[in-house]
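Engineer: Structure of the sequence below:
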Amino acid sequence: MAEEKDVVIAADDIELEGSAIEDAKQYMTFKSGSEYYGIELKYVNEIMGIQPITAIPEVEDYIRGLINLRGKIVPVIDVRIRFKQEPFEYNDRTCIIIVNVKNTVIGLIVETIDDVVTIKDKDIETPPSLTTTKAKDKYVYGFGKVGDEVKLLLNPEKLIRDEDMSAIDAAYEDL
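Structural biologist: Just a heads-up that it's a prediction; the model follows:
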């Protein structure tokens, strides 16, 4: 288990690029494996270093457990495991992105934060349907072109399934 870090960045403290553009959105980007992902900034509350995590029994392996965020219990998921990538050892670059999804605060454990980028709607392409999974289960909703790079844009509401939220809620009752 990694040491508790004092690094905390509030979403309000993130300097936004340029002025507001009607046909563009801002995304917090991060690295997972060899790919870069983005979450729309409106979901991001803050970014913090890795914290001590209390495991929850009998939940999906990507749900790492619970952290204490200034007195509030917050479930955290390991994004890399959620994406079916090999687990990684947490280090001093590992961060937890605190997001608000469906009126629930959730922590996303990521390898490293990349940047805040603005992506115009015209620079986002819908991913092709390459699998037989239902569209409602997709957590990547688009590919954002940023210069010569492509960022996989996430729908944070799809990162945790409803049945997993029920298991987390049950764990709260046991605390």
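
Engineer: what mean pLDDT would you report for stretch 143-157?
Structural biologist: Stretch 143-157 carries an average pLDDT of 91.

Engineer: need the strands for the protein, in chain order.
Structural biologist: Secondary structure of the chain (DSSP state E): strands located at 8-10, 24-32, 35-40, 44-49, 63-69, 72-78, 95-101, 104-110, 112-120, 124-125, 140-146, 149-154.

Engineer: how about low-confidence regions in the chain?
Structural biologist: 1-22, 129-137, 161-175 (pLDDT under 70).

Engineer: if we can go back for a sec, the strands of the chain into CSV, with extra columns for distance to Ile56 and mean neighbour count?
Structural biologist: Glycine gets a C-beta too; all of them are placed from N, C-alpha and C. As requested, the strands of the chain are arranged in CSV below (distance: least, Cβ to Cβ, whole Å; neighbours: other Cβ atoms under 10 Å):
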stretch, distance to Ile56, mean neighbour count
strand 8-10, 23, 14
strand 24-32, 22, 21
strand 35-40, 23, 20
strand 44-49, 20, 20
strand 63-69, 5, 20
strand 72-78, 8, 20
strand 95-101, 16, 22
strand 104-110, 13, 22
strand 112-120, 25, 17
strand 124-125, 35, 15
strand 140-146, 26, 18
strand 149-154, 22, 19
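
Engineer: In CSV: those, plus distance to Glu86.
Structural biologist: Shown next, in CSV, are the strands of the chain (distance: least, Cβ to Cβ, whole Å):
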stretch, distance to Glu86
strand 8-10, 27
strand 24-32, 11
strand 35-40, 13
strand 44-49, 22
strand 63-69, 15
strand 72-78, 11
strand 95-101, 19
strand 104-110, 14
strand 112-120, 16
strand 124-125, 27
strand 140-146, 19
strand 149-154, 17
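
Engineer: Make sure Ile63 is actually in contact with Thr54.
Structural biologist: No: between Ile63 and Thr54 there is no contact, the gap being 11.6 Å when judged by Cβ atoms under 8 Å.

Engineer: Contacts for stretch 86-102, please.
Structural biologist: The contact list for stretch 86-102, computed with Cβ atoms under 8 Å, 6 or more residues apart in numbering, reads 2, 5, 7, 28, 30, 33, 39, 43-51, 67, 69, 74, 76, 78, 80-81, 105-113, 156-157, 159-160.

Engineer: end-to-end on it?
Structural biologist: Length of stretch 86-102, first residue to last, Cα to Cα, to the nearest Å: 28 Å.

Engineer: what's near enough to touch the closest residue to Glu125 other than its chain neighbours?
Structural biologist: Distance criterion Cβ to Cβ, 6 or more residues apart in numbering; nearest residue to Glu125, sequence neighbours excluded, is Phe143 at 4.8 Å. Contacts for Phe143 (Cβ under 8 Å, 6+ apart) come out as 124-125, 127, 150-153.
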